[in-house]
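*Asks:* no sequence on this one, just coordinates:
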């Protein structure tokens, strides 16, 4: 932008915000001596005109809000965010948020210190929280939202439906006909999509859907172990199972081990996620890879682009899953 | 402290630092309008007098420097630091540091924005880096230092020697006599201590040490798998193995699986660390628990206590390991 045009834009923004051009210039240069409310008003107008606005801290910071860090899946998202942020010299502040109270506490601190935006994992802010975020001018992007996020929230997910279909088709191509699925909690968007992908693959292959082979449980090792135990006790047990995620798949392998059975000879097992430890399983887990680090990096980039300046950018992006074939799947023995 | 005594201390500090009492008061109240060099001088004197000094950011922040986040072990330390910091409203900024250049880059940013201190994991700053940290008045605590840190660096570790002994004694008590160990890289302090604990347990039980059963490799799954393969090919293979860490133990389980063997019947396996996924193994892994979250929390607390005010506090603390007995160990079959 030519110098005069730039000057004229800043004059316009100052007039819009009801402040001096010098105040606008201070915000643009990351100076800290502008009152918080004024700064937020100016920063928002600057972003609408395509300017990058440094945070009030004098350095870039994004917040990662996560309901639970106790899983390799969550840790991969944290790692991906850190790597994307560190590349551009931005710091990541990660906070665990389990409740509306903790969200409010975080929001108070983040507003006081400033932030370039928030990435939400598992916790999807509700209407009141969205309103307060908007009032504080804190941009938000959800990663792998637990429910369909709607147009009001930008989000990055993965192709769960396609992933469920790919896993099931892989087993069909190996010759399996009795294929079970252990889904996650029915309320989760991702669970429903994966299950639908499973049904679609069976139907495309002209195979019927046996409802007794469809199970649901927590996305946990114990959930996978319990459901696998029941499946293996059926009069006609399945020869293959699509687990809801890798934790469940590890539980399926334990259920086999307890019975002196093993994958893939006695049961082929496919996981979902490809967390780093998926390759630690015995046998190493065939799984549907969610590109977790790339999802975090994409969300980080979305956060830094102002929605007002990128009209036409979709509010939800899904990155493709890929099937990673390792050792836990093979042709059926029976 | 009584009001007058407090006032008198602040006057002394102002005199020592060659600044006004008002400047001292500003630093104590987290005000940002004090020049960086002056602030550092004042903050250091305040800490020596037992004051908590808010960072220049107006909120507490500690830096976690970590060489490699690609392991459940590193992720547990990050999580532990976050939990301890979040409890007291402090934010954690995690940065991966692989080289002196990256360390210098981080130090420049941290000095510019301010930090309450740095926790180092795997990367132990050298003399030049220590000098620059001291000049920037950034306190440092190392977590699980890779080499003996010496008196110049405060550090938190775990009782590696005791852990190696406990694991080995558990196997002896189960009746094993041919017990192998896969150690980590010989340069690492923790590897040497664990190996010495193994030797001590054998000697205490009156068992000889068979050097052919002592292996070393990377702390990785492939390292564990390769060494287990060689051990299983010996004319007289061991009936039990102490792995250097949980990753190696998962590799041992894979080596067994590849040969149609299983733990604990064909080989008892003990890991080290108790990363959350240790319980995901088939069979669930018996392992020596490092209290990783508690180590991070302890390091965080050490960071916030000024070494000048806690004369007599040891510069290195080791938190106890505990043996977690699960399913991968049992009496020998042979």
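*Replies:* Thanks, I have the structure now. Being a predicted model, the structure only gives us computed values, none of them experimental. Residues are numbered from 1 along each chain as shown, chains lettered A, B, ... in the order given.
*Asks:* can we go C-alpha only for contacts and neighbour counts from here?
*Replies:* Noted.
*Asks:* give me the domain ranges for chain A.
*Replies:* The record's domain split for chain A, according to automatic domain parsing, is A:3-48, A:61-156+A:293-318, A:160-291.
*Asks:* out of those domains, which is closest to residue B:185?
*Replies:* With respect to residue B:185, and counting by CA to CA, the nearest of the domains of chain A is domain A:160-291 at 20.3 Å.
*Asks:* picking up where we left off before, from the domains of chain A, which stretch is densest packed?
*Replies:* Relative to the other members of the domains of chain A, domain A:160-291 carries the highest mean neighbour count by mean count of other CA atoms under 10 Å in any protein chain shown, namely a mean of 21.
*Asks:* is chain B contacted by that domain?
*Replies:* Yes: where contact is defined by CA under 8 Å from any CA of the partner chain, part of domain A:160-291 touches chain B, namely A:221, A:247, A:250-251, A:253-254, A:257, A:277, A:280-284.
*Asks:* inside helices: which ones of these?
*Replies:* A:221, A:247, A:250-251, A:253-254, A:257 (DSSP state H).
*Asks:* which element follows the helix or strand of chain A with the lowest mean pLDDT toward the C-terminus?
*Replies:* Of all the helices and strands that make up chain A, helix A:36-48 has the lowest average by mean pLDDT, DSSP states H and E, namely a mean of 74. Tracing the chain past helix A:36-48, the next element assigned as helix or strand by DSSP states H and E is strand A:61-66.
*Asks:* which elements pack onto that next one?
*Replies:* With contacts defined as 3 or more CA pairs under 8 Å, 6 or more residues apart in numbering or on different chains; DSSP states H and E, the secondary structure elements packing on strand A:61-66 are helix A:72-87, strand A:91-96, strand A:118-121.
*Asks:* in JSON lines, list the ones you listed along with mean pLDDT and distance to chain B.
*Replies:* Output for the helices and strands packed on strand A:61-66, formatted as JSON lines (pLDDT from 0 to 100; distance: least, CA to the nearest CA, whole Å):
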{"stretch": "helix A:72-87", "mean pLDDT": "87", "distance to chain B": "7"}
{"stretch": "strand A:91-96", "mean pLDDT": "86", "distance to chain B": "6"}
{"stretch": "strand A:118-121", "mean pLDDT": "93", "distance to chain B": "14"}
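*Asks:* can you tell which of those is closest to residue B:14?
*Replies:* Using CA to CA and comparing the helices and strands packed on strand A:61-66, the one that lies nearest residue B:14 is strand A:91-96, at 33.6 Å.
*Asks:* now do residue A:64 against residue A:209, distance only.
*Replies:* In this structure, residue A:64 lies at 40 Å from residue A:209, with CA to CA, to the nearest Å as the measure.
*Asks:* kindly report the same for residue A:41.
*Replies:* With CA to CA as the criterion, residue A:41 and residue A:209 are 56 Å apart.
*Asks:* in the stretch 101-250 of chain A, which residue sits nearest chain B?
*Replies:* At 5.9 Å from chain B, residue A:250 is the closest residue in the stretch 101-250 of chain A, using CA to the nearest CA.
*Asks:* that residue contacts residue A:280, correct?
*Replies:* No: under the criterion of CA atoms under 8 Å, residue A:250 makes no contact with residue A:280, lying 9.9 Å away.
*Asks:* not counting its neighbours along the chain, what's nearest residue A:297?
*Replies:* Closest residue in space to residue A:297, ignoring its immediate chain neighbours: residue A:84 at 5.2 Å, by CA to CA, 6 or more residues apart in numbering or on different chains.
*Asks:* and if you look at residue A:293?
*Replies:* Spatial nearest neighbour of residue A:293, excluding adjacent residues (CA to CA, 6+ apart): residue A:80 at 3.9 Å.
*Asks:* in chain A, which residue is closest to the centre?
*Replies:* Using CA atoms, centre = their mean, the residue of chain A that lies closest to the mean C-alpha position is residue A:144, 2.7 Å off.
*Asks:* wait, a strand at residue A:147?
*Replies:* No: note on residue A:147: no strand contains this position according to DSSP: H, G, I helix; E, B strand; the rest coil, which reports coil.
*Asks:* before we move on, the earlier item: roughly how far apart are the residue nearest to the centre of chain A and residue A:216?
*Replies:* Where residue A:216 is concerned, residue A:144 sits at a distance of 20 Å (CA to CA).
*Asks:* now do stretch A:76-88: everything it contacts.
*Replies:* A:62, A:64, A:91-92, A:94, A:275, A:292-297, A:300, B:69, B:94-95 (CA atoms under 8 Å, 6 or more residues apart in numbering or on different chains).
*Asks:* lowest mean pLDDT across the domains of chain A, which one is that?
*Replies:* Between these, the one with the least mean pLDDT is domain A:3-48; it has a mean of 79.
*Asks:* quick one: it to chain centroid distance?
*Replies:* 34 Å (CA atoms, centre = their mean, to the nearest Å).
*Asks:* one more: stretch A:132-149?
*Replies:* Taking CA atoms, centre = their mean, one finds stretch A:132-149 lying 12 Å from the centre of the chain it belongs to.
*Asks:* any chance you could list what contacts it?
*Replies:* Outside of stretch A:132-149, the residues within contact range by CA under 8 Å, 6+ apart are A:40, A:44, A:107, A:111, A:115-124, A:153-158, A:187-190, A:295-296, A:299-300, A:302-303.
*Asks:* same thing but 6 Å
*Replies:* Contacts to stretch A:132-149, defined as CA atoms under 6 Å, 6 or more residues apart in numbering or on different chains, come from residues A:117-122, A:154-157, A:188-189.
*Asks:* same deal with stretch A:111-126?
*Replies:* Identification of contacts with stretch A:111-126 by CA under 6 Å, 6+ apart yields A:56, A:61-67, A:138-143, A:146.
*Asks:* and those residues, which two are the farthest apart?
*Replies:* Between any two of the contacts of stretch A:111-126, the greatest separation by CA to CA is 31.5 Å, found for A:56 and A:146.
*Asks:* what sits closest to residue A:280 if chain neighbours are left out?
*Replies:* On the basis of CA to CA, 6+ apart, the spatially nearest residue to residue A:280 that is not a chain neighbour turns out to be residue B:250, at 5.9 Å.
*Asks:* gap between the one you found and residue B:278?
*Replies:* 8 Å.
*Asks:* overlap of the contact sets of those two?
*Replies:* None of the residues lies in contact with both residue B:250 and residue B:278 under the rule CA under 6 Å, 6+ apart.
*Asks:* please identify the helix or strand for residue A:156.
*Replies:* With secondary structure defined by DSSP H and E, residue A:156 is part of strand A:154-158.
*Asks:* so which elements touch that strand?
*Replies:* Helices and strands touching strand A:154-158, by 3 or more CA pairs under 6 Å, 6 or more residues apart in numbering or on different chains; DSSP states H and E, are strand A:140-143, strand A:316-319.
*Asks:* picking that back up, what's the closest of the domains of chain A to residue B:271?
*Replies:* With CA to CA as the measure, domain A:160-291 is the member of the domains of chain A nearest residue B:271 (13.4 Å).
*Asks:* gap between that closest one and the chain center?
*Replies:* Relative to its parent chain, domain A:160-291 has a centroid offset of 21 Å by CA atoms, centre = their mean.
*Asks:* likewise for stretch A:147-158?
*Replies:* Using CA atoms, centre = their mean, the distance from the centre of stretch A:147-158 to the centre of the chain it belongs to is 10 Å.
*Asks:* ends of that stretch, what's the gap?
*Replies:* Across stretch A:147-158, the terminal residues are separated by 13 Å (CA to CA).
*Asks:* quick one, strands of the stretch 201-334 of chain A?
*Replies:* Ranges of strands in the stretch 201-334 of chain A, per DSSP state E, counting those that start in this stretch, are A:214-216, A:240-242, A:268-273, A:286-289, A:316-319, A:322-324.
*Asks:* so which of those strands comes closest to residue A:15?
*Replies:* Go through the strands of the stretch 201-334 of chain A one by one with CA to CA and the one that ends up closest to residue A:15 is strand A:316-319, at 34.5 Å.
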